[in-house]
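**Student:** Predicted model and sequence below, questions to follow.
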Amino acid sequence: MPEPAMMEEIRRRGVKQIVDVLDEYRWRKLRRTAEFTDYYIGANLTHAVFLQTRFGRPAVELHHHHANFDELRIPVGRTPPTLGYIAGDAHWPLNRKLISKLQYPLVTSIKRNGREGLTDLYMSVDIGFEFRKDRNKRSLNTANKVVNFMSFGIPSVLSQETGYLEAARHGEHCLYAQTPGEMLMLIRHLAEDADLRARMGEAGYETARAYHIHNIARKYREFLGGL
């Protein structure tokens with residue numbers, strides 16, 4: 001975020017200021033500039049309502065695009081299925097402990113960088129997963145995790161989050177786990193049923209088309225053009 005003095009100067013010049021709030025939970029920082037903000041963009045519906053309620057400025061929900069720009073798709077039916085943890089290192093210790101109880105091949109994004117490497121990583125995954133307990137992410141986070149998996153045709157098992165619920169249906173596009181025990185149970189269930197993985201992968205791939213960067217950019221243009 002710019003400093004309040006800079007946003008005040010921009011306001012004096014008659015320029016509208018829209019703040020796209022993604023992974024920004026430092027509320028004091030946002031409060032300092034709220035009076036100069038014309039609109040917030042929230043990552044999900046709850047997030048948008050929260051921003052509007054907390055800071056008294058209008059807010060709109062706009063989802064973020066997925067990472068599969070070339071609309072690639074994983075091969076169907078690989079056995080044994082490879083599990084993929086594609087996330088940062090903050091929640092890796094918990095997930096590493098969980099996944100150590102399973103014997104399936106595993107790849108992670110902990111030490112990988114760049115879009116090309118990330119695409120190759122997704123293409124090597126048959127089941128995505130992540131369990132996390134972060135309160136902010138549970139309610140206010142983008143749907144990117146599940147949508148990225150869906151966009152490559154990858155079924156996933158994830159802890160239930162509001163953003164995910166807007167984009168993916170339990171049992172159709174992904175599976176939601178309420179506890180670590182459920183996470184392990186549902187990963188095993190997917191790993192042992194290649195037909196289910198194929199059906200969920202197909203449904204997710206088609207649903208994720210709406211989150212391609214071209215479609216999300218169009219929604220941003222429509223929003224900005226209507227101000």
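**Tutor:** Yep, it's here.
**Student:** From here on, just use CA atoms for contacts and neighbour counts.
**Tutor:** Will do.
**Student:** Helices of this structure, residue ranges please.
**Tutor:** 4-12, 27-32, 45-55, 92-99, 115-123, 135-140, 144-151, 162-167, 180-191, 194-208, 213-225 (DSSP state H).
**Student:** could you list every residue that touches residue 169?
**Tutor:** For residue 169, the contacting residues are residue 175, by Cα atoms under 8 Å, 6 or more residues apart in numbering.
**Student:** Which pLDDT value belongs to it?
**Tutor:** pLDDT, residue 169: 97.
**Student:** quick one: it and residue 65, what's the gap?
**Tutor:** As judged by Cα to Cα, to the nearest Å, residue 169 and residue 65 stand 18 Å apart.
**Student:** same check, this time on residue 98
**Tutor:** For residue 98, the distance to residue 65 - Cα to Cα - is 29 Å.
**Student:** ditto for residue 49
**Tutor:** From residue 49 to residue 65 the distance is 21 Å (Cα to Cα).
**Student:** returning to what we had before: tell me which of residue 98 and residue 65 has more neighbours.
**Tutor:** Taking neighbours as other Cα atoms under 10 Å, residue 98 and residue 65 compare with residue 65 leading, 22 against 16.
**Student:** how far away is the more buried one from residue 211?
**Tutor:** For residue 65 relative to residue 211 (Cα to Cα), the value is 5 Å.
**Student:** Could you find the closest non-adjacent residue to residue 20?
**Tutor:** residue 41 (4.5 Å; Cα to Cα, 6 or more residues apart in numbering).
**Student:** you'd agree the one you found is up against residue 24?
**Tutor:** No - applying Cα atoms under 8 Å as the test, residue 41 and residue 24 come out as separate, 11.7 Å apart.
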